[in-house]
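A.B. asks: Pasting a predicted model and its sequence here:
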There are 2 protein chains.
Amino acid sequence: MTRVDTGRARRTSAGSPTLDQVALAAGVSRATASRAINGGDRVSPQAQAAVDAAVRRLRYTPNRAARSLVTRRTDSVAVVLPEPDERVFSDPFFAGWLRGVNRVLAERDLQLVLLLAQPGAEGARTMRYLSNRHVDGALVVSHHRDDGLADHLASLGLPSVFGGRPWSSEQVSYVDVDNLNGGQTATRTLIERGCRRIGTIAGPTDMTAAEDRLRGWRTAMLAAGLADDAVEHGDFTEDGGESAASALLARHPDLDGLVVASDLMAVGALKVLTAQGRRVPEDVAVVGYDDLGVAERTTPPLTTVRQPIGEMAERATRLLLEQIDHGIPEEPARLVIPCRLVRRASA
Amino acid sequence: MTRVDTGRARRTSAGSPTLDQVALAAGVSRATASRAINGGDRVSPQAQAAVDAAVRRLRYTPNRAARSLVTRRTDSVAVVLPEPDERVFSDPFFAGWLRGVNRVLAERDLQLVLLLAQPGAEGARTMRYLSNRHVDGALVVSHHRDDGLADHLASLGLPSVFGGRPWSSEQVSYVDVDNLNGGQTATRTLIERGCRRIGTIAGPTDMTAAEDRLRGWRTAMLAAGLADDAVEHGDFTEDGGESAASALLARHPDLDGLVVASDLMAVGALKVLTAQGRRVPEDVAVVGYDDLGVAERTTPPLTTVRQPIGEMAERATRLLLEQIDHGIPEEPARLVIPCRLVRRASA
DNA sequence: CCCAGTAATGGAAGCGCTCCCATAAATCTC
DNA sequence: GAGATTTATGGGAGCGCTTCCATTACTGGG
């Protein structure tokens, strides 16, 4: 047993300082230094102070890889975005989401790994990455019916939270805004205003948010004894809203109200209405959905249902941290955030 | 010397398979398995095949943390975005950039860590993170004059590439579009069209791209013997474009041409022109900048200078990988991508 | 047929960290 | 005041991987 070198604090010249160097500088063992750095449990005040000072002096930061290796945590979480979506480009939704997530992660010094999930082969890459525990958890933002993400994650046992109620799997936690209620509120606003022939431009049929809003519209219409036949689907883009509005007005020229499932689509609809010489809100009143900036800048400014997207992102992230800290709960969390109507000029 | 347990392939039940298990399954040593997995240098065909098979069978993926610890690489790169910017929300620029970066990183199985750099204390967090070598390199997207990022990164010795020419430090590599030329081209287009009183709505003065475009406009105007006094600055948003246009038209009611430094601002300008009853392009011809989707949807559709943003992001990322692989070059790389005019109806 | 040269291999040393455990010191209990 | 507990501490094992180095198995040249 000839142990030549205990290995302490060699290579002083190179790279960043190691825990060993901190311990040496503080005059304690590596174990004590480690404890002091990680919350200071069972560490005397003197030792704590000495370590703190050494850390500051040497500008020590723990090596994440080394820590990861033993703790089996990566201190990073993935945000999964469905890349196929051209919307990622135009929709403020995603940026708002990222910002909210980032805010919470920053508090705990966690990293945000962005996974732009492409379909097909690249989608498999995303799955594989998640399967291999390269992150402590995943936030899935806008998933579509057939991406299989919900089931996959549920079976994986990886902490994960969805933004927006997922399809199929009832196993995963999610945070959603109350789209059903939002759709109803929007519709009732028009009804109370006196509109009787109200159409809706709904979102894509493979997203739950769109379906819920449509259901809300339908519910409110039926409750008021009005016909729920004026429906057209768009893809959440301005162009989509435009063509949907054209189609809708062609089929139902007598419309006096329009519930649109996103502000961007509402912009398209306003364009059509203006082009047809219909005044908003006098001839046709319009209610949008989102209120993420666009709604204030339209002419006329949009009355719309606000999604508190920052709050949504924050809550989802905290839910995720909760899962990471205390394990995935038996019963998945389902948080539904109320949304409220913002009155402007269009209705 | 009583070595009780060599430590090979214990814990078969738990988590993901380790290299040890792969080696055992393939009937080779851990060292050989490692070699086979990392490119197969000095590995016999049989051993290679055996390892490959074992990897497939066990669904082995290397533990990134363990690898990182020894290789001193993290296999991830940071994309730094200046968070203060509300633009991150509305501008398709960032999303396009992320997409381009992601495409290249995916090829090499590198991760994208998103750093939303907030100003002040949080900015320090970003710096610290970068200093601590938690990533192999950094891509900085839209930096502003005073964020100090360029100098900091240059002094850090961390591989990094800027998207858009940075201020100050001439030490860092960057990829930019030829904004000077772009501004000139836009202006010349109007001149050739017969416009003689051409104004410009420039971008914020703390961004090089905006300054370069303005300079391009000025150069073209002076070269044609025209006055370069009709300048107004906006902040790259629609609202900004609107107020800049109002101010400009108030000061120079005789304008017959307008060079706008971003499509989004051009949208605002079009609004003002329409409101004032000026026809586009008959009374005032307009050229925008970007062509990232908005330009096609305005009325009239915008003639604009296209920024090949996907290409820009890709080139920047490849430049970064180059640096990561072969070290930071003595002479920083400066790649300027030409941009071209896209003719539509507004000029 | 022997020896230098090359190719393939495995042993073992760490990378920097956390955490289990044994030990030492301080405090309490009756 | 002796034994039982609590509190701090450091030794050391080991997380899963790469890579240096020594070893062995093959070549071909003289």
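C.D. replies: Happy to help now that I have it. Keep in mind that what you see is a predicted model, and the values were worked out from it rather than measured. Numbers count the residues shown, from 1 in each chain, chains lettered A, B, ... in the order given.

A.B. asks: got a list of what residue A:29 touches?
C.D. replies: The contact partners of residue A:29, by C-beta atoms under 8 Å, 6 or more residues apart in numbering or on different chains, come to residue A:23. C-beta coordinates here come from the backbone N, C-alpha and C atoms, glycine included.

A.B. asks: Ok, the one 3 residues further on next?
C.D. replies: Residue A:32 makes contact with A:23, A:43, A:47, A:51 under the criterion C-beta under 8 Å, 6+ apart.

A.B. asks: tell me the two of these that are most distant?
C.D. replies: Pairwise distances across the contacts of residue A:32 peak at 12.2 Å for A:23 and A:43 (criterion: C-beta to C-beta).

A.B. asks: From the contacts of residue A:32, list the ones also adjacent to DNA strand D.
C.D. replies: With C-beta under 7 Å from any atom of the strand as the criterion, these include A:43, A:47 near DNA strand D.

A.B. asks: quick one on the thing from earlier: okay, residue A:23 and residue A:43: which has more neighbours?
C.D. replies: Neighbour tally, residue A:23 and residue A:43, criterion other C-beta atoms under 10 Å in any protein chain shown: the higher count belongs to residue A:23, 23 against 20.

A.B. asks: intersection of neighbour lists for residue A:23 and residue A:43?
C.D. replies: A:32, A:51.

A.B. asks: Next, work out how far apart residue A:271 and residue B:313 are.
C.D. replies: Note on residue A:271: its distance to residue B:313, by C-beta to C-beta, to the nearest Å, is 31 Å.

A.B. asks: Those two - which one has more neighbours?
C.D. replies: Between residue A:271 and residue B:313, counted using other C-beta under 10 Å, the more crowded position is residue B:313 (24 against 19).

A.B. asks: Doesn't the more buried one lie inside a helix?
C.D. replies: Yes: Residue B:313 forms part of a helix when assessed by DSSP: H, G, I helix; E, B strand; the rest coil.

A.B. asks: so it touches residue B:163, yeah?
C.D. replies: Yes: using C-beta atoms under 8 Å, residue B:313 is in contact with residue B:163, at 6.9 Å.

A.B. asks: Can you pull the residues of the stretch 51-200 of chain A lying near DNA strand D?
C.D. replies: By C-beta under 7 Å from any atom of the strand, the residues of the stretch 51-200 of chain A that approach DNA strand D are A:66, A:69-70.

A.B. asks: roughly how far apart are residue A:223 and residue B:137?
C.D. replies: 58 Å.

A.B. asks: wait, what's in contact with residue A:277?
C.D. replies: With contacts defined as C-beta under 8 Å, 6+ apart, residue A:277 has no neighbours.

A.B. asks: Check the secondary structure at it for me.
C.D. replies: coil.

A.B. asks: didn't residue A:184 look like it was pressed against residue A:221?
C.D. replies: No: if you go by C-beta under 8 Å, residue A:184 and residue A:221 don't touch, sitting 9.4 Å apart.

A.B. asks: Not counting its own residues, what contacts stretch A:39-51?
C.D. replies: A:22-23, A:26-28, A:32-33, A:35-37.

A.B. asks: Which strands or helices does the helix or strand containing residue A:319 pack on?
C.D. replies: Residue A:319 belongs to helix A:309-326 when assigned by DSSP states H and E. Contact here means 3 or more C-beta pairs under 8 Å, 6 or more residues apart in numbering or on different chains; DSSP states H and E; on that basis helix A:309-326 packs against strand A:76-82, helix A:92-107, strand A:137-140, strand A:160-163, strand A:173-177, strand A:334-337.

A.B. asks: ok, and which of these has the densest surroundings?
C.D. replies: strand A:160-163 (a mean of 28; mean count of other C-beta atoms under 10 Å in any protein chain shown).

A.B. asks: And for stretch A:225-232, what's in contact with it?
C.D. replies: In contact with stretch A:225-232 (C-beta under 8 Å, 6+ apart) are residues A:191, A:196-202, A:214, A:217-218, A:221-222, A:244-245, A:247-248, A:251-252, A:255.

A.B. asks: Straight-line length of that stretch, end to end?
C.D. replies: One end of stretch A:225-232 sits 20 Å from the other (C-alpha to C-alpha, to the nearest Å).

A.B. asks: That one: which residues count as buried?
C.D. replies: A:226, A:228, A:230-232 (16 or more other C-beta atoms under 10 Å in any protein chain shown).

A.B. asks: cool, and stretch A:44-61?
C.D. replies: A:47-48, A:50-51, A:54-55, A:58, A:60-61.

A.B. asks: Now do that stretch, average pLDDT.
C.D. replies: The average of the pLDDT scores along stretch A:44-61 is 93.

A.B. asks: same question, stretch A:156-175
C.D. replies: 88.

A.B. asks: and that stretch with chain B, contact?
C.D. replies: No: judged by C-beta under 8 Å from any C-beta of the partner chain, stretch A:156-175 makes no contact with chain B; its nearest approach is 10.9 Å.

A.B. asks: What of stretch A:113-126?
C.D. replies: Yes: interface with chain B: stretch A:113-126 contributes A:113-116, A:118, A:122, A:125 (C-beta under 8 Å from any C-beta).

A.B. asks: can you pick the most crowded of these?
C.D. replies: Of those, with other C-beta under 10 Å as the count, residue A:115 tops at 25 neighbours.

A.B. asks: Look up how far residue A:141 lies from that one.
C.D. replies: 10 Å.

A.B. asks: Touching both of the two, which residues are there?
C.D. replies: A:79-81.

A.B. asks: So which of those is the closest to chain B?
C.D. replies: Distance to chain B, by C-beta to the nearest C-beta, is smallest for residue A:79 among the shared contacts of residue A:115 and residue A:141, at 7.7 Å.

A.B. asks: Contacts only, for the residue nearest to that closest one when sequence neighbours are not counted.
C.D. replies: Nearest non-adjacent residue to residue A:79, counting by C-beta to C-beta, 6 or more residues apart in numbering or on different chains: residue A:139, 5.0 Å away. Residue A:139 makes contact with A:77-80, A:101, A:160-163, A:316-317, A:320, according to C-beta under 8 Å, 6+ apart.
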